[in-house]
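Q: Next come a sequence and a model predicted from it.
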Amino acid sequence: MIRHLQTVDMEKLVSLCKRRGLIYPGSDIYGGLGSLWDYGPLGSELKRNVKDAWWRAVVWQRDDVVGLDAAILMHPQTWVASGHAEGFTDPLVECKSCHHRFRTDHLQTPACPDCGGELTASRQFSLMLKTFLGPVEDTANQVWLRPETAQGIFVNFQNVLTTTRRKLPFGIAQIGKSFRNEITPGNFIFRTREFEQMEIEYFVKPGADEQWHQHWLQERMRWYTDLGIRPENLRLRRHDPTELAHYAKDTYDIEYRFPWGWGELEGIANRTDFDLKRHAEFSGRTLDYYDEETKEHIVPYVIEPSGGVDRALLAFLVDAYDEEPELKGDGRSDSGDEGARRRDPDRSGAPGGERLRTVLHLHPALAPVKVAVLPLSRNEKLAPTARQVYQTLRQRGRWSVEYDDAQSIGRRYRRQDEVGTLYCVTVDFKTVEGDPDTIGTVTIRDRDTMEQVRVPIPELVDALKERLER
Ligand code: ATP
């Protein structure tokens, strides 16, 4: 598919997300709160689809990975053992004049980027958010909100091993919320203080770790491209030895070319046997694996593909967003309606006077709405059939379906295009009267090609199923 836009304007994307119920600023009526965001009706569908696509690829379609859903709050010793209590920090500097704070490693100049003032010396700032369990707020009752889901997997390693009788290599996958008190959140949902992660801890025999690391690099890159991200917008970047986390022997980041530059979508680390050994030491439990071939107890090595749901979702949105010249005739009754165009802020004109349509070319598995049912107009002859078609699709289709009869048909097509609806089913006058060849038929319009085909209503579910599942 040819894309027209070279660079996506983030302001336009953020405004589309708010206007169409994908993503709202968190606590909006109170003026928002520190770069937190809420997913609206369409955004929550999109987010579920991202998570389902991941779960399908890493759990259902493999026979060596099982799922887990561990609690967000964990025993405080977990974070002492993992090294986070002491070492999960970012370097922070503060401007002596405007008191703005910055991550030292993100600064390009030795002076304050906001006012040019002098900066304090760099100090370590903990990213862990604290709370208290129970009625007494003292240090004995203090717990942390997890900054990664991974530790819930490590502390359940023995439970899963015993209950599933897995042999190495095998993995445990989990999706869930994590929290980090980021110094400088920003770039929409790219860096927030509450976010969701999709993580796999893949346990292997020591010595097989490097080969499995390569396997996961390829698998995870393929996941993004299979879901429609253009390969030229993705790259693998290996960590330089000075950048490696305290537990990692080797790490690669999958990066996406965001409008502001390359940014990490997922880190794929070789965590060695660090975490299992530390938890064994701090809990006093044995966390190992009995290898029946060699008759030895071993502590497995771990390969960890760790991605962010929100960052993946943002990359899918940015990559899918396009503004294309509108085709003549798409929209029938209102095509050429200059008055409607002037009144409609959604329909901006291209520099040459050509009309543009905004479209999200989201992969079918991700699109928040699969089918929209649109009566050509609000004429009472059309509504009963359109309603009937809508009900049939909702009940037999197992897809998200919308009904929209407000405003002209052309504007409704544009509205569906800008949220990535895959197919518009239109009930028009040919459906209900006139030529016997077309009575009882509806049109299916394809979001990407804008082509329309006519199908008899009894064949509609199968026709859509065939398109949606290919
Ligand atoms: P960064 O360098 O961008 O701060 P990180 O290397 O600290 O990220 P990891 O600890 O590797 O991130 O976390 C794994 C994944 O979790 C990241 O690749 C990202 O997709 C997601 N993630 C981490 N921090 C955030 C955040 N503050 N907001 C949204 N997603 C995040």
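A: Yep, it's here. Numbers count the residues shown, from 1 in each chain.

Q: near the ligand, which residues of this structure show up?
A: 180, 182, 191-192, 195, 197, 264-267, 306-308, 310-311 (Cβ under 6 Å from any ligand atom). Placement of C-beta: from N, CA and C, glycine included.

Q: Restricted to buried residues, select those in PyMOL.
A: Entered in PyMOL, the line below selects the buried ones among the residues of the chain next to the ligand, by 16 or more other Cβ atoms under 10 Å:
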select buried, resi 180+182+191+192+195+197+265+266+267+306+307+308+310+311
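
Q: Who's the closest spatial neighbour of the most centrally placed residue in the chain, skipping the chain neighbours?
A: The residue lying closest to the centre of the chain (Cα atoms, centre = their mean) is Leu313, at 2.6 Å. In space, and not counting its chain neighbours, Leu313 is closest to Val50: 5.1 Å by Cβ to Cβ, 6 or more residues apart in numbering.

Q: Which element, helix or strand, includes the one you found?
A: helix 41-55 (DSSP states H and E).

Q: elements contacting that helix?
A: strand 170-179, strand 194-204, helix 309-320 (3 or more Cβ pairs under 8 Å, 6 or more residues apart in numbering; DSSP states H and E).

Q: Format the ones you listed as a markdown table; extra columns: mean pLDDT.
A: What follows is the helices and strands packed on helix 41-55, written out as a markdown table (pLDDT from 0 to 100):
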| stretch | mean pLDDT |
| --- | --- |
| strand 170-179 | 98 |
| strand 194-204 | 98 |
| helix 309-320 | 98 |
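
Q: Export those as TSV, with columns for distance to Leu356.
A: TSV is the format used below for the helices and strands packed on helix 41-55 (distance: least, Cβ to Cβ, whole Å):
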stretch	distance to Leu356
strand 170-179	36
strand 194-204	33
helix 309-320	16
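
Q: circling back to that earlier point, if you average pLDDT over the following helix or strand past the helix holding Val50, what comes out?
A: Helices and strands here follow DSSP H and E; after helix 41-55, the next one along the chain is strand 65-68. The average of the pLDDT scores along strand 65-68 is 98.

Q: Distance of Arg271 relative to Arg394?
A: 45 Å (Cβ to Cβ, to the nearest Å).

Q: Which of those two has more residues huddled nearby?
A: For the pair Arg271 and Arg394, the greater number of neighbours falls to Arg271 (23 against 16), based on other Cβ atoms under 10 Å.

Q: For the residue of the chain found nearest the ligand, name its beta-bridge partners.
A: In the chain, the residue that lies nearest the ligand is Gly308 (2.4 Å; Cβ to the nearest ligand atom). Residues in a beta bridge with Gly308, per DSSP bridges, are Gln197.

Q: List the contacts of it.
A: The neighbourhood of Gly308, defined by Cβ atoms under 8 Å, 6 or more residues apart in numbering, consists of 195-198, 265-266.

Q: what packs against the helix or strand hosting Leu236?
A: Following DSSP H and E, one finds Leu236 within strand 234-238. Counting by 3+ Cβ pairs under 8 Å, 6+ apart, the packing neighbours recorded for strand 234-238 are helix 209-226, strand 250-258, strand 261-272.

Q: For the protein, just list every one of the helices.
A: 10-19, 41-55, 76-82, 84-87, 150-154, 157-164, 209-226, 274-283, 309-320, 338-343, 383-397, 409-417, 429-432, 460-468 (DSSP state H).

Q: Against Met450, how distant is the residue nearest to Glu418 when sequence neighbours are not counted?
A: Excluding the flanking residues, the one nearest Glu418 by Cβ to Cβ, 6+ apart is Thr358, at 4.4 Å. Between Thr358 and Met450 the distance is 13 Å, computed by Cβ to Cβ.

Q: Can you give the domain ranges for this structure?
A: 10-88+127-317, 347-468 (automatic domain parsing).

Q: mind checking the end-to-end distance for the first one?
A: Terminal residues of domain 10-88+127-317 are spaced 11 Å apart (Cα to Cα, to the nearest Å).

Q: Please name the spatially closest residue to Cys17 (chain neighbours excluded).
A: Ile23 (4.1 Å).

Q: Report the mean per-residue pLDDT for stretch 373-391.
A: For stretch 373-391, the mean confidence score works out to 96.

Q: Name the residues of that stretch that are buried.
A: Buried, per 16+ other Cβ under 10 Å, within stretch 373-391: 373-377, 382, 385-386, 389-390.

Q: so Asp417 touches Leu356, yeah?
A: No. With contacts counted by Cβ atoms under 8 Å, Asp417 stays clear of Leu356, the gap being 10.8 Å.

Q: hmm, back to that, dump the helices and strands packed on strand 234-238 to CSV, plus mean pLDDT.
A: Converted to CSV, these look like this (pLDDT from 0 to 100):
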stretch, mean pLDDT
helix 209-226, 98
strand 250-258, 98
strand 261-272, 98
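
Q: In CSV: these, plus distance to Pro135.
A: What follows is these, written out as CSV (distance: least, Cβ to Cβ, whole Å):
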stretch, distance to Pro135
helix 209-226, 44
strand 250-258, 42
strand 261-272, 37
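
Q: As JSON lines, the helices of the chain with distance to Asp330 would be great.
A: Shown next, in JSON lines, are the helices of the chain (distance: least, Cβ to Cβ, whole Å):
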{"stretch": "helix 10-19", "distance to Asp330": "20"}
{"stretch": "helix 41-55", "distance to Asp330": "22"}
{"stretch": "helix 76-82", "distance to Asp330": "55"}
{"stretch": "helix 84-87", "distance to Asp330": "54"}
{"stretch": "helix 150-154", "distance to Asp330": "48"}
{"stretch": "helix 157-164", "distance to Asp330": "53"}
{"stretch": "helix 209-226", "distance to Asp330": "29"}
{"stretch": "helix 274-283", "distance to Asp330": "55"}
{"stretch": "helix 309-320", "distance to Asp330": "19"}
{"stretch": "helix 338-343", "distance to Asp330": "14"}
{"stretch": "helix 383-397", "distance to Asp330": "19"}
{"stretch": "helix 409-417", "distance to Asp330": "6"}
{"stretch": "helix 429-432", "distance to Asp330": "17"}
{"stretch": "helix 460-468", "distance to Asp330": "18"}
